[in-house]
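requesting a structural model of the entry that follows:
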Amino acid sequence: MMQDKNDGINKDIYPVQGIRPAKKMMFVAPCLAKVRPTLGQCCHQCTPDRMYNKLGQSSSLGFRDLLSVNETQTRYRGCLAKRFCYALFVSGCEVYASPVSNRVERVCQSNSVEEVLLAEENKPEGQRGRGQIGRLAPFLPLIKTCISPSHLRFMAWVMLKMFSSLFESIVVKQNHLAALQKVSKEGSLLVYIYVRQSVVDCALIPLVLFCHSLKVPYTLCPPQFYISPLRSVLQKVGVLLLPSAAETQQEAEMDSLYSLVMKSLVCELLHEGQALSVGVSALSGQGGQWLAHITQLIKEGSVPDVNLVPVGISYDSVPQTNVHVVGLRTLLHWLWSVLWRRPTGSVRIQFAQPFSLKEMLDSDRCRVDWLPLQDLLMPAILNNGTVSVFGRRRMSWFLPSHYASDPNEPEDPRRDLSVAVILHLLFLVNSYTAAMSTSLVSSVLLYKQRKGVSLSILCGDVTWLTEEMLFRNRDVGFGGSIADVVRYSLSLLAPYIIVLMPSSKDPYIVPRPSLHAILHLSLQRQTVLQTFISEVVGACAVSAMLSKVSASGISYVVRGGRADGAEVKGVTRFDVVLCQSELIEHALQLCHLLSPGLLPPCQSSKSFALDAIHSLVRCGILIMEEVSRGVPVCDFWKKKDPLIWAGDPCQCDSDCEVLDPHSYKISQPSHCPDMLFFLCGLLAGHLRALCWTTASLDHIEFPLPETVFVAQIHAYLCDMALKEKQHYESCSVEAAHTALRTLIDLGVILEERNEDYVSLNVSPLFQSSGNRQKLQYFIKQYL
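Model (predicted):
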């Protein structure tokens, strides 16, 4: 009988104290025990000159745990040195001071800021009064942000103490840091890019650099802190906070002067030779405005060049921190709870090879043919079109409109170039992020063994998934024997799983059927989705083809999976022939619905769709067959048309992309259906949330403010999941935001901008229930 309490079940079998992560980074996969994927290389298409400056690869793995500090890392020995090793260690690290000097005057004298101030004062050019400084008063604390050595050492000691209570280890690969030290000695400007997951992210990168005696960057921190003493301390360690009057980044950007001041401040910091740390959100695009500022400064010639350093941060369990601290008592209470809590999970930090942003811009290979999403998909949705429009989806929400020369002209090439750079960096960061053991275990439990699995079979599935990740050049952030890795992961996931038969040698593990548990497990699967994104798109395209075959009345039998929540029993047979052109068509259409940062930025959508189909052939799901005709494809000598050499000037380049007609059959081995359903399940949560959001338009009264509309969508998603008692991974707040932005780009939802807020309304085209049903059918075919 299933027990829904985990007070004594999970703790008895998987105590956290008894299972520690392996200190030596060894591989789990036996066939790849001595091979580590080479990660961190820059893009060979956008930055070809940097291909020859590879990261140093030493014979040893060169891992270091920042929290394992002892007296051997200091200049002192003895009992007192062991007791105060953290304080002695931070006192011996090298610090690069950053005085403010005359930064305020230089920011005020910048052309863009001076023009706005003069226009507001209605004074002739060259006459600046005290009113200009008064207008800049809210931004003066930001401009005066500096790096004080004493404050930095103190904060580093506090961070080491706090992180030792939060995490069991913070592992960094040292030979990647050796490349950073080499670039820093050359005097290059460094900008570190990471994907926002928690407020802890913006503290980890400066701490790692400080512990290795590298220059600590100025951190562009998104959270808001209201405590004046805390703001003062953070601004003396290089943290650029939001203005005290603004609660969010969007509210701060409503001030016309804020963006200009921040751009001028970034320019002055780079002129001073300072490093920067920028966090970008893949869901909302927040943080991309800083990269847009840097891109514009390089295109204008204000800054000669910067070196971008993508940083991948992986958590066993993303820490849940209280970001909006409104009082000193709340802050002290939170710090006290952190210092006395048990460490949960480890952190893996991966620094990539620095590469030149100017080289990327000058190569002119980072440009993308942006098209509105409604131009890409509307013919297929409404008219059941079979010919796709080639191009990349333009995301109107990804960068605020005031970065374009005209807010009403989203086709501004400078804006499109900035978005292309941001998407490129998002993909690089996601590629360099190591896969943690909790990600693999969560993916197996949620998408391969949803009904439960024994511990022995779970170990086999995790071994298989680890080998597949390594074969796809994805590094892993764990080590040790497979049994210890799985047990350690289950101890971290104890609140979200149920263990049956705890006294047996082979217990049975089931995901806890609750909203909170499924959402947590689904969040862990992001790294696995990014690794298998090519196979996932191909599998969903096959699913769309099979749904059409089923709708046409042709029967086929599947065993081992679920279709629309109902199990299908029978013999494993897929006697269906799938056309190559139609498979590529469905894969291409699905690419336009994906979240940013998943697709390779330097590859066309059509080329990626073709690779997605070929990836299913490589992993054994599809079998390629020739279309029956008189002459086989491989028989070149009997072809009627003469051979055309690649150098023939009469041959057009587009003719080289014409594909020979092929068809595919689904492989018959018993593992094929399970693999197909596993791949489709990785993307099913996103697609189902989009389908349910479209259905919710029938129950919402318009117009509505954006915040109210997102709240109602989220409530509808939760109601649908609770009603069906499954698919809880589709009802997160992030899923509601992502679905809303997709409907806006599709033209289903229109934005009506007022003075104080943005209201949303349904477009006239989709006020018809028939068109909304066509959109739902288009999305459902991939489920």
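
C-alpha from now on. contacts and neighbour counts both.
Fine.

can I take it that Ile349 is in a strand?
Yes - residue state for Ile349 (DSSP: H, G, I helix; E, B strand; the rest coil) corresponds to a strand.

identify the bridge partners of it.
Val172, Ile313 (DSSP bridges).

residue contacts, it?
Ile170, Val171, Val172, Lys173, Val311, Gly312, Ile313, Ser314, Thr433 (C-alpha atoms under 8 Å, 6 or more residues apart in numbering).

out of those, which comes closest to Gln274?
Proximity to Gln274 was ranked across the contacts of Ile349 by C-alpha to C-alpha; first place goes to Val311, at 17.9 Å.

name the nearest residue to Leu142, ignoring sequence neighbours.
Leu240 (5.9 Å; C-alpha to C-alpha, 6 or more residues apart in numbering).

cool, Ser169 as well?
Distances taken as C-alpha to C-alpha, 6+ apart place Ser346 nearest to Ser169, at 4.9 Å, with adjacent residues excluded.

who does the helix or strand where Asp745 lies touch, helix- and strand-wise?
Applying DSSP states H and E as the criterion places Asp745 in helix 733-746. With contacts taken as 3 or more C-alpha pairs under 8 Å, 6 or more residues apart in numbering; DSSP states H and E, helix 733-746 sits against helix 373-382, helix 671-696, helix 706-724, strand 749-753.

which outside residues touch the third one?
Read it as helix 706-724. 689, 692-693, 696, 700, 727-728, 730-733, 736-737, 740, 758-760.

distance from that helix to the middle of the chain?
Taking C-alpha atoms, centre = their mean, to the nearest Å, one finds helix 706-724 lying 24 Å from the centre of the chain it belongs to.

which positions within that helix qualify as buried?
Under the neighbour-count criterion of 16 or more other C-alpha atoms under 10 Å, helix 706-724 has Glu706, Phe709, Val710, Gln712, Ile713, His714, Ala715, Tyr716, Leu717, Cys718, Met720, Ala721 buried.

what do you get for the last one?
Residues Ile749, Leu750, Glu751 are the ones in strand 749-753 that count as buried (16+ other C-alpha under 10 Å).

send me that strand as CSV with only the CA atoms.
The C-alpha trace of strand 749-753 is given here as CSV (Å, rounded to 0.1, in the frame of the first residue of the first chain):
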residue,chain,number,x,y,z
ILE,A,749,-2.9,38.1,-28.0
LEU,A,750,-2.5,41.8,-28.7
GLU,A,751,-0.7,44.3,-26.4
GLU,A,752,-2.4,47.6,-25.9
ARG,A,753,0.0,50.0,-24.3
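
each with direction, which strands does it pair with?
Checking strand 749-753 against DSSP bridges gives partners strand 758-762 (antiparallel).

tell me what angle the partner strand forms with helix 733-746.
70 degrees (axes from the mean of the first three to the mean of the last three C-alpha atoms, to 10 degrees).

return the distance of strand 758-762 from the chain's centre.
With C-alpha atoms, centre = their mean, you get 28 Å for strand 758-762.

list of residues touching that strand?
Outside strand 758-762, the residues touching it (C-alpha under 8 Å, 6+ apart) are Phe702, Pro703, Leu704, Pro705, Glu706, Phe709, Val748, Ile749, Leu750, Glu751, Glu752, Arg753.

identify, from those residues, the entry nearest to Leu204.
Comparing these against Leu204 with C-alpha to C-alpha picks out Glu706 as the nearest, at 33.3 Å.

any idea how far that closest one lies from Ser759?
From Glu706 over to Ser759 the distance is 6 Å, taken as C-alpha to C-alpha, to the nearest Å.

and for Thr694?
18 Å.

and for Glu467?
49 Å.

run through the stretch 251-400 of the chain and note the low-pLDDT ranges.
321-341, 367-368, 385-389, 400 (pLDDT under 70).

for the stretch 1-150 of the chain, same thing?
1-40, 44-45, 47-61, 78, 80-82, 120-133.

how far does stretch 445-458 stretch from start to finish?
End-to-end span of stretch 445-458 (C-alpha to C-alpha): 8 Å.

begin at 55, not 1, for the rest of this chat.
Noted, 55 is the first residue going forward, which turns the last one into stretch 499-512.

which positions in it come out as buried?
Using 16+ other C-alpha under 10 Å as the burial criterion, the residues of stretch 499-512 that qualify are Leu499, Leu500, Tyr501, Lys502, Gln503, Gly506, Val507, Ser508, Leu509, Leu512.

one step back: JSON lines for the helices and strands packed on helix 787-800, including distance to Glu148?
Conversion of the helices and strands packed on helix 787-800 to JSON lines gives the following (distance: least, C-alpha to C-alpha, whole Å):
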{"stretch": "helix 427-436", "distance to Glu148": "50"}
{"stretch": "helix 725-750", "distance to Glu148": "45"}
{"stretch": "helix 760-778", "distance to Glu148": "46"}
{"stretch": "strand 803-807", "distance to Glu148": "51"}
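
which one of the ones you listed lies closest to Gln289?
helix 760-778 (31.2 Å).

just the C-alphas of the closest one, formatted as PDB.
Output of helix 760-778 as PDB, limited to C-alpha atoms (Å, rounded to 0.1, in the frame of the first residue of the first chain):
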ATOM      1  CA  GLU A 760      -0.700  41.500 -18.000                       C
ATOM      2  CA  THR A 761      -0.100  40.600 -14.400                       C
ATOM      3  CA  VAL A 762      -3.800  39.700 -13.900                       C
ATOM      4  CA  PHE A 763      -3.900  37.700 -17.100                       C
ATOM      5  CA  VAL A 764      -0.800  35.700 -16.100                       C
ATOM      6  CA  ALA A 765      -2.400  35.000 -12.700                       C
ATOM      7  CA  GLN A 766      -5.600  33.800 -14.300                       C
ATOM      8  CA  ILE A 767      -3.700  31.600 -16.800                       C
ATOM      9  CA  HIS A 768      -1.700  30.100 -13.900                       C
ATOM     10  CA  ALA A 769      -4.900  29.300 -12.000                       C
ATOM     11  CA  TYR A 770      -6.400  27.700 -15.000                       C
ATOM     12  CA  LEU A 771      -3.400  25.500 -15.600                       C
ATOM     13  CA  CYS A 772      -3.500  24.400 -12.000                       C
ATOM     14  CA  ASP A 773      -7.200  23.600 -12.200                       C
ATOM     15  CA  MET A 774      -6.700  21.500 -15.300                       C
ATOM     16  CA  ALA A 775      -3.900  19.500 -13.700                       C
ATOM     17  CA  LEU A 776      -5.800  18.900 -10.600                       C
ATOM     18  CA  LYS A 777      -8.900  17.900 -12.600                       C
ATOM     19  CA  GLU A 778      -6.900  15.300 -14.600                       C
END
